[in-house]
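Asks: My questions concern the predicted model and sequence given below.
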Amino acid sequence: MTDLTLEAARTIVSAALEAARARGLKPLAVVAYDARGSLKCVQAEDGTSLRRVEVAQGKANGALALGLGSRALHARAETQAYFVTAVAEIAGPAGLVPVPGGVLIRNREGRLLGAVGISGDSSDNDEICAVTGIEAAGLVAETGA
């Protein structure tokens, strides 16, 4: 696979939501972007609070913008707050949310295919669902851990 296909993006989003339901998590919003930052798939479960899609977009967009899973962005925000704030200013409409839940998608050879962002439960649970979705599509998740 050379690009993130719509089929793969749908698999990732569906599997992430299935994982959330199996764990009894709060309602989630899930977004998948391809490597160029084009939105491939988005779903928000019934009961998801307002702006969860935008938070999910910020997690995925931030991961793509800096080439790091948002767990690493979180650590960087703690040590280089000015840098992360500056990047957030130029990250565009999708923004940058430096907490876990934004996960890079790579193929088996390590090529960047895109990113998933999830918001709705704890950041750690959001990340677990993102990884589950990516792996269900036969791809490799990079959290930034």
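Replies: That came through fine. On a predicted model such as this, the values are computed, not experimentally measured, just so you know.
Asks: and the residue nearest to the spatial centre of the chain, what pLDDT?
Replies: The C-alpha lying nearest the average C-alpha coordinate of the chain belongs to Gly117 (C-alpha atoms, centre = their mean; 2.1 Å). On the pLDDT scale, Gly117 is placed at 98.
Asks: Quick check: which element contains it?
Replies: strand 112-119 (DSSP states H and E).
Asks: and that strand, how far from the chain's centre?
Replies: Relative to its chain's centre, strand 112-119 lies at 3 Å (C-alpha atoms, centre = their mean, to the nearest Å).
Asks: other SSEs contacting it?
Replies: Using 3 or more C-beta pairs under 8 Å, 6 or more residues apart in numbering; DSSP states H and E, the elements in contact with strand 112-119 are helix 6-23, strand 29-34, helix 52-66, strand 102-106, helix 123-136. In short, each C-beta sits where N, CA and C put it, glycine included.
Asks: Strand partners (parallel or antiparallel) of it?
Replies: Sheet pairing here is set by DSSP bridges, and for strand 112-119 it gives strand 29-34 (antiparallel), strand 102-106 (antiparallel).
Asks: contacting residues around Arg52?
Replies: Counting by C-beta atoms under 8 Å, 6 or more residues apart in numbering, Arg52 touches 27-29, 44, 119-120.
Asks: Could you dump these into JSON lines with neighbour count and distance to Thr143 added?
Replies: Shown next, in JSON lines, are these (neighbours: other C-beta atoms under 10 Å; distance: C-beta to C-beta, whole Å):
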{"residue": "Pro27", "neighbour count": "16", "distance to Thr143": "22"}
{"residue": "Leu28", "neighbour count": "27", "distance to Thr143": "17"}
{"residue": "Ala29", "neighbour count": "24", "distance to Thr143": "18"}
{"residue": "Ala44", "neighbour count": "18", "distance to Thr143": "22"}
{"residue": "Ser119", "neighbour count": "28", "distance to Thr143": "15"}
{"residue": "Gly120", "neighbour count": "25", "distance to Thr143": "17"}
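Asks: how about Gln140, phi and psi?
Replies: Actually, residue 140 is Val rather than Gln. phi -110, psi 130 (degrees, to the nearest 10).
Asks: ok, so what distance separates the closest residue to Thr143 other than its chain neighbours from Arg36?
Replies: With C-beta to C-beta, 6 or more residues apart in numbering as the criterion, Thr143 has its nearest non-adjacent residue at 4.1 Å, and that residue is Gly69. Distance from Gly69 to Arg36, counting by C-beta to C-beta, to the nearest Å: 18 Å.
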